[in-house]
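> no sequence on this one, just coordinates:
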Ligand SMILES: [Fe+2]
């Protein structure tokens, strides 16, 4: 059992590069198991594996992701790790994604119509908004990955609201909320959290070392500063209702 105010609760990491040797995340099965052990110690109970999809650079087909997760569950069970792992992808936006998505070539978030979408840090706001709207128009519910990473989003909170108004969702990285990426980022996310504009939190972990799946510091800060029902929602409830439904 974990300690702290969230001890008895479940926590979902909805953004994690935990699958071995498919992108710039985990480098081996051993590292993946170490990441799972860290995650368990951090109070994480569910992980959506989101390997990068970036045209010409990273691509893992959905059936490969599913197979890896089955194997991972076996390894985890042998090690006494009780974390549920679900399929997903972090999709780097470019125009023309429709075809990939419609043909089922990209793993959506646990077989739902939610997709995790990222852009380049310096992409123009109109480009990001139009991209998100385009995906929403295709029937998907895009979740913007790490909102705090985009310069244009840092400049004006209204931009976050405008993306949410068209039915898209917003996520932030746990380490950024906890202050690991500086005061400016922490303060910005504090403003978004104060207005309840964040929908999901992920670790965006890439390894068992520097970028490992840490959630404890973030969760403690959230429960200390914000409405506990809202914190329950962004750490677990929203994912439970919308992303984890189809787990067997
Ligand atoms: Fe990521």
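Okay, I see it. Note that the structure is predicted; figures quoted are calculated from it, not measured.

> Now do the residue of the chain most remote from its centre against residue 145, distance only.
For the chain, the largest distance from the centre (Cα atoms, centre = their mean) belongs to residue 78, which lies 26.1 Å off. Distance, residue 78 to residue 145, using Cβ to Cβ, to the nearest Å: 31 Å. Placement of C-beta: from N, CA and C, glycine included.

> Residue 237 too?
For residue 237, the distance to residue 145 under the criterion Cβ to Cβ works out to 20 Å.

> With neighbour numbers in mind, choose between the two.
residue 145 (25 against 16; other Cβ atoms under 10 Å).

> Next, find the distance separating that one from the ion.
Residue 145 is 6 Å from the ion, where distance means Cβ to the ion, to the nearest Å.

> related to what we said a few turns ago, and the pLDDT at the residue farthest from the centre of the chain?
The pLDDT attached to residue 78 in the predicted structure is 93.

> Kindly report the same for residue 110.
The per-residue pLDDT reported for residue 110 equals 97.

> Phi, psi for the closest residue to it other than its chain neighbours please.
Distances taken as Cβ to Cβ, 6 or more residues apart in numbering put residue 86 closest to residue 110, at 4.1 Å, once the chain neighbours are dropped. Dihedral angles phi and psi of residue 86 (degrees, to the nearest 10) take the values phi -120, psi 160.

> Cross-check the contact I'm expecting between residue 86 and residue 45.
No - with the criterion set as Cβ atoms under 8 Å, residue 86 and residue 45 do not qualify as a contacting pair; they are 11.7 Å apart.

> more crowded one of these two?
Legend: neighbour count by other Cβ under 10 Å for residue 86 and residue 45, higher for residue 86 (23 against 16).

> Contact partners for the more buried one?
For residue 86, the contacting residues are 46, 47, 48, 49, 69, 109, 110, 243, 244, 247, by Cβ atoms under 8 Å, 6 or more residues apart in numbering.

> For beta bridges, what are the partners of the first one?
Residue 46 forms beta bridges with residue 12, residue 84, as assigned by DSSP bridges.

> quick one: low-confidence ranges for this protein?
Low-confidence segments of the chain, defined by pLDDT under 70, are located at 1-8, 246-248.
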